[in-house]
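A.B. asks: Sharing a model prediction with you, sequence too.
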Amino acid sequence: NAGVTQTPKFRILKIGQSMTLQCTQDMNHNYMYWYRQDPGMGLKLIYYSVGAGITDKGEVPNGYNVSRSTTEDFPLRLELAAPSQTSVYFCASVRDLGDGYTFGSGTRLTVV
Amino acid sequence: GENVEQHPSTLSVQEGDSAVIKCTYSDSASNYFPWYKQELGKGPQLIIDIRSNVGEKKDQRIAVTLNKTAKHFSLHITETQPEDSAVYFCAAMNYGGSQGNLIFGKGTKLSVKP
């Protein structure tokens, strides 16, 4: 198993540009999550999904969108990039609630 | 909703000493408490977890204790080694049915000096 795979690893965007952060897991996990990590602030939940076709907002969803058309994939979309979205983004998944999440290696995004 | 406070934010110990990181949570219904280790440039990795029906759990040099009455839980690392240097995150969750998300503390940067 490759686990949770995130692409790209690094990206620089200009203000107003859009992009999609990709996340794929091959563990047949039901639940998937997107977090952002800012220095000294821990991990903040952006969006999550409890299964294919079902998504919901987390703590900091503004400026982002997600979709979950398959069990494996959970892309995160930024439509109009802003400097406040400069962060490291982590995707995570878990088979059942009450188990430990498996995290990807992250995408470092800079908006200039 | 749940709120998790983590202390200290930075911790420096000498190799071989013990390290303790403490977390408090606000939602008395929380029933799952994992700890993650994040090395530089990598994603968080689960190192140990505990459920609310257990007071303590050990795995070699790592242990976690849970006090449900006081709503706090702690990570204990004994005989620290330089490779233990990393950022550690605690988290809490109330899982029931099909809902529940992990809420993370802000992290503790542990430095182990050789």
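C.D. replies: Cool, got the structure.
A.B. asks: Show the pLDDT at B:Gln99.
C.D. replies: Per-residue confidence (pLDDT) for B:Gln99: 64.
A.B. asks: With A:Gly40 instead?
C.D. replies: Value for A:Gly40, per-residue pLDDT: 79.
A.B. asks: Same question for B:Asn94.
C.D. replies: Note on B:Asn94: pLDDT of 87.
A.B. asks: State the distance from it to B:Ser52.
C.D. replies: According to C-beta to C-beta, to the nearest Å, B:Asn94 and B:Ser52 sit 9 Å apart. For glycine as for every other residue, the C-beta is placed from the backbone atoms N, C-alpha and C.
A.B. asks: Neighbour count for these two, which is higher?
C.D. replies: B:Asn94 (20 against 16; other C-beta atoms under 10 Å in any protein chain shown).
A.B. asks: isn't the more buried one right up against B:Asn31?
C.D. replies: Yes: shown here, B:Asn94 and B:Asn31 form a contact pair, counting by C-beta atoms under 8 Å, at 5.9 Å.
A.B. asks: What lies in contact with stretch B:67-81?
C.D. replies: B:13-26, B:28, B:33, B:35, B:48, B:50, B:52, B:55, B:61-66, B:84, B:88, B:90, B:92, B:110, B:112 (C-beta atoms under 8 Å, 6 or more residues apart in numbering or on different chains).
A.B. asks: Just the terminal-to-terminal distance for it.
C.D. replies: Separation of the first and last residues of stretch B:67-81 by C-alpha to C-alpha, to the nearest Å is 27 Å.
A.B. asks: how far does it sit from the chain's center?
C.D. replies: Remark: stretch B:67-81 is offset 7 Å from the chain centroid, using C-alpha atoms, centre = their mean, to the nearest Å.
A.B. asks: buried stuff in that stretch?
C.D. replies: Neighbour counts over stretch B:67-81 (16 or more other C-beta atoms under 10 Å in any protein chain shown) mark B:His72, B:Phe73, B:Ser74, B:Leu75, B:His76, B:Ile77, B:Thr80 as buried.
A.B. asks: Identify the residue spatially nearest to the residue nearest the centre of chain A, adjacent ones excluded.
C.D. replies: Centroid-nearest residue in chain A, with C-alpha atoms, centre = their mean: A:Trp34, separated by 3.1 Å. Distance criterion C-beta to C-beta, 6 or more residues apart in numbering or on different chains; nearest residue to A:Trp34, sequence neighbours excluded, is A:Ile46 at 4.4 Å.
A.B. asks: Quick check: phi and psi on A:Pro83?
C.D. replies: Here is the backbone geometry of A:Pro83 (degrees, to the nearest 10): phi -50, psi -30.
A.B. asks: Could you report the distance from A:Glu79 to A:Gln17?
C.D. replies: For A:Glu79, the distance to A:Gln17 - C-beta to C-beta - is 9 Å.
A.B. asks: Residues of chain B that sit close to chain A?
C.D. replies: Residues of chain B found near chain A (C-beta under 8 Å from any C-beta of the partner chain) are B:6, B:9, B:31-32, B:34, B:36, B:41-46, B:49, B:51, B:89, B:93, B:95-96, B:98-107.
A.B. asks: If any of those residues are buried, give me the ChimeraX selection for them.
C.D. replies: Buried members of these can be picked out in ChimeraX with the line below, counting by 16+ other C-beta under 10 Å:
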select /B:6,31,32,34,36,43,44,46,49,89,93,95,100,101,102,103,104,105,106,107
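A.B. asks: Dihedrals phi and psi, B:Asp84?
C.D. replies: phi -80, psi -10.
A.B. asks: Strands of the chain, start to end?
C.D. replies: Going with chain A. Under the criterion DSSP state E, chain A contains strands at A:4-7, A:10-13, A:19-25, A:31-37, A:43-51, A:54-57, A:64-66, A:76-78, A:87-94, A:102-103, A:107-111.
A.B. asks: Sorry, I should have been clearer: chain B.
C.D. replies: Under DSSP E, chain B gives strands at B:4-7, B:10-14, B:19-25, B:32-38, B:45-51, B:56-59, B:62-67, B:72-77, B:86-92, B:103-104, B:108-113.
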